[in-house]
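Participant: how would this look folded up:
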Amino acid sequence: MKKYLTFAILVLVSFDILAQEDAVSNTTETIVLKSKKGIPILPEAGEWGLGISANPFLNYGGNFFNGNTNNNSPSFAFPTNPTNNIALFGKYVVDAHTAYRVRFNATVNTTVDKAVIAQNEITPDPFFPAFTEDFRKTNRQTVVVAAGYEKRRGKSRVQGVYGGELVIGYTGINQSYEYGNPMSQDFNAPITNNFGGNILQGSSAAAVQRKIDEKFGSILTVGARGFIGVEYFIGPKVSLGGEFGYSLAFNNSTRGLITSERWNPSTNSVLETKTDINNNGYFTFVGTSLDNLSGSINLLFYF
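Facilitator: Numbering: from 1, shown residues only. Here you go, the predicted model:
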């Protein structure tokens with residue numbers, strides 16, 4: 001039932017556009033499909049296209065009548081490629097049958113975890129205990145770029161599209177730690193939050209090295225993707241479409257590195273140690289896959 005409601009909403013939204021009769025004007029070279037008002041329907045040479053996912057709007061329309069379920073307002077969510085990290089989808093129309101396309105995303109975010117712990121004091125006040133804070137900061141970086149070449153065919157509102165694109169991606173994660181209780185000669189096993197749900201103190205704190213920096217290694221992705229799909233122009237320069245693709249990807253993961261600190265009683269100082277992650281070497285993966293089996297519908301605007 002929901003599918004029929006979604007279809008009905010879509011028809012109502014685009015009724016004014018679809019009600020126009022197509023006018024076809026013949027030129028010496030091509031056939032130009034136009035609306036009743038004489039506006040070309042299909043994209044023309046030199047125009048740009050912007051693609052977004054139509055799913056949020058269709059879902060909102062389908063759920064509009066249920067009264068209380070999934071009624072959040074729709075938002076722009078951009079089509080994805082095999083890495084699921086593509087945010088911006090754009091095209092440049094070369095001619096009626098050719099377009100260059102690019103997908104791009106650069107995401108940088110930081111998460112800070114804070115823990116309140118007891119402060120180490122030589123002479124603590126039992127009535128007014130002091131507290132301090134430990135921090136863990138997590139930084140994530142993702143950059144993905146895909147550039148491709150697209151061909152299209154068809155003389156009506158229904159246009160077939162096909163072509164290929166190259167994909168390059170980079171992902172990196174690292175964590176850094178700041179502790180409210182420093183290591184010293186008086187407190188060589190200070191009270192510490194290990195951000196694993198435990199507070200370390202006394203012998204438990206002395207038995208471990210606490211992390212001060214952790215790099216998880218970076219992942220470089222290089223791939224090639226072929227795609228085929230369709231666009232249906234619901235009005236001048238506006239289309240609904242979708243595509244399937246088959247990808248060949250190469251992933252390379254570098255080693256990570258953990259920097260830790262502990263108290264060195266022989267020198268009465270803090271000793272830093274570095275430990276490799278993935279001691280067996282680099283991780284490499286080569287594989288193929290069919291993407292977008294969920295059948296995402298894209299909404300494209302040309303201008």
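Participant: What's the first helix or strand after the one helix or strand Ser176 maps to?
Facilitator: Secondary structure assignment for Ser176, by DSSP states H and E: strand 158-178. Per DSSP H and E, the first helix or strand lying C-terminal to strand 158-178 is strand 192-193.
Participant: Show the average pLDDT along that next one.
Facilitator: Averaged over strand 192-193, pLDDT sits at 90.
Participant: what's the answer for stretch 132-151, then?
Facilitator: If you average the pLDDT over stretch 132-151, you get 92.
Participant: So what are the sheet partners of the strand holding Ser176 and their directions?
Facilitator: Strand 158-178 pairs in its sheet with strand 131-153 (antiparallel), strand 210-235 (antiparallel), by DSSP bridges.
Participant: Quick check: buried residues in that strand?
Facilitator: Buried residues in strand 158-178, counting neighbours by 16 or more other CB atoms under 10 Å, are found at 159, 161, 163, 165, 167, 169, 171-175, 177. C-beta: built from backbone N, CA, C; applies to glycine.
Participant: before we move on, what about stretch 214-233?
Facilitator: For stretch 214-233, the neighbour count (16+ other CB under 10 Å) marks 214-219, 221, 223-225, 227, 229-231, 233 as buried.
Participant: Just name the lowest-scoring one in the residues you listed, pLDDT-wise.
Facilitator: Across the buried residues of stretch 214-233, the bottom pLDDT score, 82, is held by Gly217.
Participant: Thought Asn252 was touching that one, still the case?
Facilitator: No: counting by CB atoms under 8 Å, Gly217 stays clear of Asn252, with 10.0 Å between them.
Participant: Out of the buried residues of stretch 214-233, which is nearest to Ser247?
Facilitator: Nearest to Ser247 out of those is Arg225 (CB to CB; 4.3 Å).
Participant: How about the closest one: what's its closest non-neighbour residue?
Facilitator: With sequence-adjacent residues excluded and distances taken as CB to CB, 6 or more residues apart in numbering, Arg225 is closest to Ser247, at 4.3 Å.
Participant: Quick check: Lys151 vs Arg101, distance?
Facilitator: 11 Å (CB to CB, to the nearest Å).
Participant: Ignore what I typed, I meant Ser218.
Facilitator: On the measure of CB to CB, Ser218 and Arg101 end up 27 Å apart.
Participant: same check, this time on Asn251
Facilitator: 23 Å.
Participant: Of those two, give the one with the bigger neighbour count.
Facilitator: Arg101 (20 against 17; other CB atoms under 10 Å).
Participant: tilt between the helix or strand containing that one and strand 131-153?
Facilitator: Under the criterion of DSSP H and E, Arg101 resides in strand 98-118. Note on geometry: by axes from the mean of the first three to the mean of the last three CA atoms, to 10 degrees, strand 98-118 and strand 131-153 are set 170 degrees apart in direction.
Participant: so Gly169 touches Thr107, yeah?
Facilitator: No: judged on CB under 8 Å, Gly169 makes no contact with Thr107 at a distance of 11.0 Å.
Participant: Can you name the residues that contact Pro124?
Facilitator: Residues counted as contacts of Pro124 (CB atoms under 8 Å, 6 or more residues apart in numbering) are Ala130.
Participant: What separation do you get for it and Phe187?
Facilitator: When Pro124 is compared with Phe187 (using CB to CB), they lie 12 Å apart.
Participant: Low-confidence stretches in the stretch 151-300 of the chain?
Facilitator: 197, 202-207, 278-296 (pLDDT under 70).
Participant: hey, where'd the helices end up in the stretch 201-303 of the chain?
Facilitator: If DSSP state H, counting those that start in this stretch is used as the criterion, the helices of the stretch 201-303 of the chain fall at 203-206.
Participant: what's the overlap in contacts for Lys151 and Arg101?
Facilitator: Applying CB under 8 Å, 6+ apart, one finds that Lys151 and Arg101 are jointly contacted by Gly163.
Participant: Might one say that Gly160 is in contact with Gly154?
Facilitator: Yes: if you go by CB under 8 Å, Gly160 and Gly154 touch, sitting 5.5 Å apart.
Participant: Quick check: buried residues in the strand holding Arg101?
Facilitator: For strand 98-118, the neighbour count (16+ other CB under 10 Å) marks 99, 101, 103-105, 115, 117 as buried.
Participant: Ser269: how many residues sit nearby?
Facilitator: Neighbourhood size, Ser269 [other CB under 10 Å]: 12.
Participant: Quickly list what the residue lying closest to it once chain neighbours are set aside is bridged to.
Facilitator: Of all residues not flanking Ser269 in the chain, Trp263 sits nearest, at 7.9 Å (CB to CB, 6+ apart). Trp263 forms beta bridges with Val270, as assigned by DSSP bridges.
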